[in-house]
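just to be clear, the model below is a prediction. Sequence and coordinates:
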Amino acid sequence: MKALILLALVAELLQPSASRFQRLTFRAPDGARILYGRTIPADYDPSRPRPLVLALHPGGERLPFYGDQFMRQIALPGLAELDPIMVAPDCPTPAWSDPAADQAVMALIDNVMAEYAIDRRRILVTGFSLGGSGTWFMSSHHADRFTAAIVMAGRTEEPLERLASIPTYIIHSRDDENIPFAQAEQRAAGLAALGRVVKFDALQGVGHYAMRGYVGALQRAGRWVAERWEK
């Protein structure tokens with residue numbers, strides 16, 4: 001995911017309002033220090049609860065505030081129409097499904113919800129690659145917290161019956177050379193057969209390391225999620 005690093009300086013220059021973005025530190029329940037990025041809408045008003053988006057970064061070379069880079073370059077451009085509060089932690093362990101990472105993320109979500117007015121009917125988890133796998137995990141293990149999920153280029157070994165108990169939008173490229181397309185396609189079909197609220201978006205000509213190619217699909221996914229939230 002070196003593209004994240006190469007684009008970081010450009011992304012900083014393109015931000016509409018630097019005051020909206022924060023790089024912070026959170027102390028997890030086990031005492032671990034977690035770095036995370038956060039963005040708050042410029043017109044945030046506590047009397048008007050906002051959606052909350054948890055953005056889970058991919059694997060690769062993890063420099064400090066890696067999650068913040070992913071948020072600024074992929075997650076927020078894709079989901080800006082939701083006008084959300086968004087948080088993007090650095091994963092403290094090799095995988096988002098590790099118990100320590102899971103505990104830290106849930107504690108961070110609780111902390112943000114205590115600090116800001118969040119619409120609990122509109123809490124979304126999304127991620128790419130490692131973060132896509134984390135999205136499958138978080139949405140299946142914490143369906144009481146999240147109300148929608150967007151999985152990008154993520155694999156999962158969770159039993160099919162545990163998946164997509166909340167509206168789930170799955171994005172995967174046929175030309176992904178790292179995470180096989182077939183599993184995503186099969187999972188989407190199997191979940192649809194179970195009557196789950198799912199949408200599968202198959203991309204063409206986008207390699208695994210071309211995350212920018214997912215932004216348009218993420219925008220479509222955000223609109224789909226917003227429609228589900230209105231029902």
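In hand now; what should we look at?

so what's the backbone phi/psi at P89?
phi -80, psi 160 (degrees, to the nearest 10).

check contacts around it.
26, 34-36, 56, 67, 104-105, 108 (CB atoms under 8 Å, 6 or more residues apart in numbering). The way it works is simple: take the backbone N, C-alpha and C, and place the C-beta from them, glycine included.

ok, so of those, who is nearest L82?
Proximity to L82 was ranked across these by CB to CB; first place goes to L56, at 16.4 Å.

backbone dihedrals for Q22, please?
Torsion angles, degrees, to the nearest 10, at Q22: phi -140, psi 140.

go on, V206?
Per-residue torsions, V206: phi -120, psi 120 (degrees, to the nearest 10).

which ones are touching the spatially closest residue to Q103 that is not a sequence neighbour?
Nearest non-adjacent residue to Q103, counting by CB to CB, 6 or more residues apart in numbering: P29, 5.7 Å away. By CB under 8 Å, 6+ apart, P29 lies in contact with 103-104, 107.

show the residue spans covered by the helices in this protein.
2-6, 8-14, 66-70, 76-79, 99-115, 130-141, 181-193, 215-230 (DSSP state H).

now those helices in a markdown table, with mean neighbour count, mean pLDDT and distance to A164?
Below are the helices of the chain laid out as a markdown table (neighbours: other CB atoms under 10 Å; pLDDT from 0 to 100; distance: least, CB to CB, whole Å):
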| stretch | mean neighbour count | mean pLDDT | distance to A164 |
| --- | --- | --- | --- |
| helix 2-6 | 14 | 45 | 28 |
| helix 8-14 | 12 | 42 | 31 |
| helix 66-70 | 25 | 97 | 23 |
| helix 76-79 | 22 | 96 | 19 |
| helix 99-115 | 17 | 96 | 19 |
| helix 130-141 | 25 | 98 | 8 |
| helix 181-193 | 16 | 96 | 5 |
| helix 215-230 | 17 | 97 | 12 |
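
distance to H172 added to those, as CSV?
CSV is the format used below for the helices of the chain (distance: least, CB to CB, whole Å):
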stretch, distance to H172
helix 2-6, 18
helix 8-14, 24
helix 66-70, 18
helix 76-79, 15
helix 99-115, 23
helix 130-141, 8
helix 181-193, 4
helix 215-230, 9
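
among the ones you listed, which comes closest to D201?
helix 215-230 (5.0 Å).

and that closest one, what does it pack against?
helix 76-79, strand 118-128, strand 148-152, strand 168-173, strand 198-203 (3 or more CB pairs under 8 Å, 6 or more residues apart in numbering; DSSP states H and E).

now distance to A192 too, for the contacts of P29, in JSON lines please.
Output for the contacts of P29, formatted as JSON lines (distance: CB to CB, whole Å):
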{"residue": "Q103", "distance to A192": "32"}
{"residue": "A104", "distance to A192": "33"}
{"residue": "A107", "distance to A192": "34"}
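
tell me the one of the residues you listed nearest D176?
Nearest to D176 among the contacts of P29, with distances taken as CB to CB, is A104, at 28.4 Å.

for the closest one, which residues are in contact?
26, 28-30, 32, 34, 89, 92.

buried among those? Need that as a selection in PyMOL.
To isolate the buried members of the contacts of A104 in PyMOL, using 16 or more other CB atoms under 10 Å:
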select buried, resi 26+28+34+89+92
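
put together a markdown table for the contacts of A104, with pLDDT and distance to R122 on each row.
Listed next are the contacts of A104 as a markdown table, based on pLDDT from 0 to 100; distance: CB to CB, whole Å:
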| residue | pLDDT | distance to R122 |
| --- | --- | --- |
| F26 | 95 | 22 |
| A28 | 90 | 25 |
| P29 | 89 | 26 |
| D30 | 89 | 29 |
| A32 | 88 | 29 |
| I34 | 95 | 24 |
| P89 | 98 | 20 |
| P92 | 94 | 27 |
